[in-house]
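Novice: Dropping a prediction and its sequence here:
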Amino acid sequence: MTRRAAEIRLDALLRTACDVIVERGLANTRTADVAQAAGVSQALVFYHFATKERLLAQAFAYAVEQDLARLDAVTRSPAPPLTKLRRILKLYTPAGRATSWSMWIDGWSESLRTPELEKVSRRLDLRWRQDLAAVISAGVAEGTFQCADPDGAAWRISAVMDGLAVQLAVHDRVISRRQFGEWVRLVTARELGLDPAELD
């Protein structure tokens, strides 16, 4: 197998693994399930991933990296901090992102029992907070936001978004997407000295 063919096969296996994990959950996914869904031998799965734990951790990272790529596009854009903040809040909302949110939620839960998955989860989770804190700091520097503690504000805003997103993604009709958006804008505005309407 050429290196390029191996890379293509690895990418296809990770995409297939993500599909299987969304359907079965991290705890119930077996390497045999991924091999069967991909139409390959279980030996090939183990060729790319030495253990089931490594397969799950890399599939989780692969799924979440799709979200982080969209986050990078926002943070690296030349847009002003307020525009970036609006885009980040919209990006975080579970609407239309059921697959990645189910992976996040399942990943957090399984990280309690799987050290390798916990390392990946922590790294990816912290990226969201760091990028949000950087946008907040830039907004403070230009005078758009009023915030004495951008890192703390990023943690508090993220914690509210995480909690509400879990409710929205897991419990049908407990809260609406409209309520999610309103409450996130309200909390963010309070943290940054803004009118919630500025985040609409």
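Specialist: Yep, it's here. Residues are numbered from 1 along each chain as shown.
Novice: tell me, what residue is most central in this protein?
Specialist: The residue lying closest to the centre of the chain (CA atoms, centre = their mean) is residue 64, at 4.8 Å.
Novice: In three-state terms, how would that one be classified?
Specialist: helix (DSSP: H, G, I helix; E, B strand; the rest coil).
Novice: How about it, nearest residue that isn't a chain neighbour?
Specialist: Ranked by CB to CB, 6 or more residues apart in numbering and with sequence neighbours excluded, the top spatial neighbour of residue 64 is residue 124, at 4.8 Å. To be clear about C-beta, it is placed using only N, CA and C from the backbone, and glycine gets the same treatment.
Novice: ok, that neighbour - contacts?
Specialist: Counting by CB atoms under 8 Å, 6 or more residues apart in numbering, residue 124 makes contact with 61, 64, 65, 68.
Novice: Counting neighbours, what do you get for the nearest residue to residue 192 once chain neighbours are set aside?
Specialist: Nearest non-adjacent residue to residue 192, counting by CB to CB, 6+ apart: residue 145, 4.1 Å away. Residue 145 has 23 neighbouring residues, counting by other CB atoms under 10 Å.
Novice: pretty sure residue 145 contacts residue 135?
Specialist: No: counting by CB atoms under 8 Å, residue 145 sits too far from residue 135 to count as a contact (9.0 Å).
Novice: hang on, the earlier thing: pretty sure the residue nearest to the centre of the chain contacts residue 101?
Specialist: No: using CB under 8 Å, residue 64 and residue 101 do not qualify as a contacting pair, with a distance of 10.2 Å.
Novice: got the contact list for stretch 84-91?
Specialist: By CB under 8 Å, 6+ apart, stretch 84-91 touches 67, 70-71, 74-75, 77, 79, 131-132, 135-136, 138-139, 161, 181, 184-185, 188, 192, 199.
Novice: Just the buried ones from those?
Specialist: For the contacts of stretch 84-91, a burial check counting by 16 or more other CB atoms under 10 Å picks out 67, 71, 74-75, 131-132, 135-136, 138-139, 161, 181, 184-185, 188, 192, 199.
Novice: Among those, name the ones in helices.
Specialist: Residues of the buried ones among the contacts of stretch 84-91 located in helices (DSSP state H): 67, 71, 74-75, 131-132, 135-136, 138-139, 161, 181, 184-185, 188, 192.
Novice: re earlier: and the residue nearest to residue 64, what helix or strand is that in?
Specialist: Taking DSSP states H and E as the criterion, residue 124 maps to helix 115-141.
Novice: what ranges do the strands span in this protein?
Specialist: Assigned by DSSP state E, the strands in the chain number zero.
Novice: give me every residue that touches the closest residue to residue 55 other than its chain neighbours.
Specialist: Leaving aside its sequence neighbours, residue 55 sits nearest to residue 49 (CB to CB, 6+ apart; 3.8 Å). Each residue near residue 49 by CB under 8 Å, 6+ apart is listed here: 31, 55, 58.
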